[in-house]
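[1] Following is a predicted model, sequence given first.
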Amino acid sequence: MFRLLRPLASSVTYTRWLHIVIPGAVCSVWMFISPDTPWAPLLFAVPVGLLPGMRLAEGVQAQLLLTPGERGRPDASIAASPAATWADRWRTVAWLEIRLVFAAAVGMASVWLPATAVDLAMAASGSRPSGDWLVPGAESHWWYALVVPVPLLVLLALVVVSGRAITAAARWFLGLSPVQRLTALEERTEQLLERNRIARELHDSIGHALTVAVVQAGAARAAQNPEFTERALTAIEETGRDALDDLERVLRVLRESGGPVGQQPTLVEADRLLNSARSSGAEVDADVSGPLGQLPGSVSREGYRILQESLTNVLRHSGAVSIRVRISITNGRLELEVTNPLTGTTHKPGGGSGLRGIRERAALLGGKAKTGPHGNEWRVQASLPLNGLR
């Protein structure tokens, strides 16, 4: 019972009814001007519906009154945009015709049903309604009072059902075309990919800075050496500045679409990462060969982040241990390998968002990455195609 009454308590039920009867005002004016041509508004709707802007106007009105909960959402079922093709224009014409028919039918019922309830109430009270009514020639009687609510209940049911029907029609005729749906899906996919990329950027950059700071602070406290403490504080300061620069760049991308990707660090700055690891107490054996400055931008940027996350994982899980780094350009690919001895608090195979991010970065460029134990060592190995040196 309550499920049947619930739509009557929803405001959208009555905004939909208002949307239906609005065209009735135009039809009423026309009927006053020319009552002998009631079909004229249907004919006039054809050229009006072919105007590109009419689809925009109808879409905005339908969103506001039929589906207010979807207003402004990118996945709204009713589009609010001008007609881009002739198919959209003819769908708008069909929508206007249907809307006029709904307005005539529901508008007449909205007047006739309450009037019938009034006639029944007058007949029940002994006052004969003027003119013919439900049953011509019928006499007034008290029992008509029992059926007075029936026309009103029918009217409420009509308001609910017709509102849902016109909403379904609007979604069909004013909804996104297949091309628009595909475009919206592509835009949504691009947004999700951008959010995922920014999340990886923040994880790699800020995670690396915090890891270096924690390791440096712990080493300085254990060393009890003022000179070492001074070096550790200097390293923490430099790493923190770099992290703030990266954070500002990422936030700028969030604030301004199409952020300056060219300002992202590249493998040319790999020494910054290696020196940061060395200042944390790790022994880094680096072998870097090949023209890193000629790498494609995307490969160089992703390679930098893979190296950064690899060093961060070593410092986070194994501490200040010996690290071997190999970076080379061979056979049209960037080969990057980072290994360190396994310790008691080593990584969990395949776990962690950082290791998953390494594999995702490599896959986005058509490459591959492997992370996990290799003998008595932990190894991160990435191979990225260059697609031709610049």
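    Yep, it's here.

[2] low-scoring pLDDT stretches of the stretch 251-390 of the chain, where are they?
    By pLDDT under 70, the weakly predicted segments of the stretch 251-390 of the chain are 251-263, 344-353, 388-390.

[3] Quick check: buried residues in stretch 101-114?
    Neighbour counts over stretch 101-114 (16 or more other CB atoms under 10 Å) mark 102, 103, 104, 106, 107, 109, 110, 113 as buried. Where you see a C-beta, it was placed from the backbone N, CA and C, and this is true even at glycine.

[4] just these now: which is nearest residue 285?
    Of all these, residue 285 sits closest to residue 102, with 78.2 Å by CB to CB.

[5] so where do the helices sit in this protein?
    Assigned by DSSP state H, the chain shows helices spanning 2-5, 11-33, 40-49, 52-65, 86-124, 149-173, 178-223, 226-255, 270-279, 297-317, 353-364.

[6] tell me the most buried of those helices?
    Of all the helices of the chain, helix 297-317 has the most neighbours on average by mean count of other CB atoms under 10 Å, namely a mean of 23.

[7] Can I get that one in PDB? Just the C-alpha atoms.
    The C-alpha trace of helix 297-317 is given here as PDB (Å, rounded to 0.1, in the frame of the first residue of the first chain):
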ATOM      1  CA  GLY A 297      59.500  12.000 -23.400                       C
ATOM      2  CA  SER A 298      56.900   9.500 -22.300                       C
ATOM      3  CA  VAL A 299      59.500   6.700 -22.000                       C
ATOM      4  CA  SER A 300      62.000   8.900 -20.100                       C
ATOM      5  CA  ARG A 301      59.300  10.200 -17.700                       C
ATOM      6  CA  GLU A 302      57.900   6.700 -17.000                       C
ATOM      7  CA  GLY A 303      61.400   5.300 -16.700                       C
ATOM      8  CA  TYR A 304      62.200   7.900 -14.000                       C
ATOM      9  CA  ARG A 305      59.100   7.000 -12.000                       C
ATOM     10  CA  ILE A 306      59.900   3.300 -12.300                       C
ATOM     11  CA  LEU A 307      63.400   3.900 -11.000                       C
ATOM     12  CA  GLN A 308      62.100   6.200  -8.200                       C
ATOM     13  CA  GLU A 309      59.500   3.600  -7.000                       C
ATOM     14  CA  SER A 310      62.100   0.800  -7.200                       C
ATOM     15  CA  LEU A 311      64.600   2.700  -5.000                       C
ATOM     16  CA  THR A 312      61.800   3.800  -2.600                       C
ATOM     17  CA  ASN A 313      60.800   0.100  -2.200                       C
ATOM     18  CA  VAL A 314      64.400  -0.900  -1.300                       C
ATOM     19  CA  LEU A 315      64.700   1.800   1.300                       C
ATOM     20  CA  ARG A 316      61.300   1.200   2.800                       C
ATOM     21  CA  HIS A 317      61.500  -2.600   3.100                       C
END
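
[8] Show me what that helix is packed up against.
    helix 178-223, helix 270-279, strand 322-330, strand 333-341, helix 353-364, strand 377-385 (3 or more CB pairs under 8 Å, 6 or more residues apart in numbering; DSSP states H and E).

[9] Is it possible to get TSV of the ones you listed that adds distance to residue 51?
    What follows is the helices and strands packed on helix 297-317, written out as TSV (distance: least, CB to CB, whole Å):
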stretch	distance to residue 51
helix 178-223	19
helix 270-279	60
strand 322-330	59
strand 333-341	56
helix 353-364	44
strand 377-385	51
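
[10] can you list the weak-confidence ranges in the stretch 101-250 of the chain?
    In the stretch 101-250 of the chain (pLDDT under 70), the answer is 127-140, 177-194, 197, 200-201, 204-205, 246, 248-250.

[11] at 90 what do you get?
    Scanning the stretch 101-250 of the chain with the threshold set as pLDDT under 90 gives 102, 104-149, 151-152, 174-250.

[12] pretty sure residue 94 contacts residue 170?
    No - the criterion here is CB atoms under 8 Å, and residue 94 misses it with residue 170 at 11.3 Å.

[13] could you measure residue 369 against residue 311, distance?
    Plainly put, residue 369 is 15 Å away from residue 311 if you go by CB to CB, to the nearest Å.

[14] What of residue 8?
    Distance from residue 8 to residue 311, by CB to CB: 65 Å.

[15] Surely residue 70 touches residue 78?
    Yes - assessed by CB under 8 Å, residue 70 is found in contact with residue 78 at 7.0 Å.

[16] if we can go back for a sec, tell me which of the helices of the chain lies nearest to residue 143.
    Closest approach to residue 143 among these (CB to CB): helix 86-124, 7.3 Å.

[17] Mind giving me the packing neighbours of that closest one?
    Helix 86-124 packs on helix 11-33, helix 40-49, helix 52-65, helix 149-173, going by 3+ CB pairs under 8 Å, 6+ apart.

[18] what angle do it and helix 40-49 make?
    Here the directions of helix 86-124 and helix 40-49 differ by 150 degrees (axes from the mean of the first three to the mean of the last three CA atoms, to 10 degrees).

[19] Distance from helix 86-124 to the middle of the chain?
    Chain-centre distance of helix 86-124: 38 Å, with CA atoms, centre = their mean, to the nearest Å.

[20] Residue 160 against residue 13, yeah?
    Yes - with contact defined as CB under 8 Å, residue 160 reaches residue 13; the gap is 5.7 Å.

[21] got any residues that touch both of these two?
    residue 7 (CB atoms under 8 Å, 6 or more residues apart in numbering).

[22] you'd agree residue 162 is up against residue 107?
    No - applying CB under 8 Å as the test, residue 162 and residue 107 come out as separate, 10.4 Å apart.

[23] Please enumerate the shared neighbours of these two.
    Joint contacts of residue 162 and residue 107 (CB under 8 Å, 6+ apart) are residue 20.

[24] closest one to residue 238 among the helices and strands packed on helix 86-124?
    helix 52-65 (52.9 Å).

[25] Show me what the closest one is packed up against.
    By 3+ CB pairs under 8 Å, 6+ apart, helix 52-65 packs against helix 11-33, helix 86-124.

[26] Many thanks, we can stop here.
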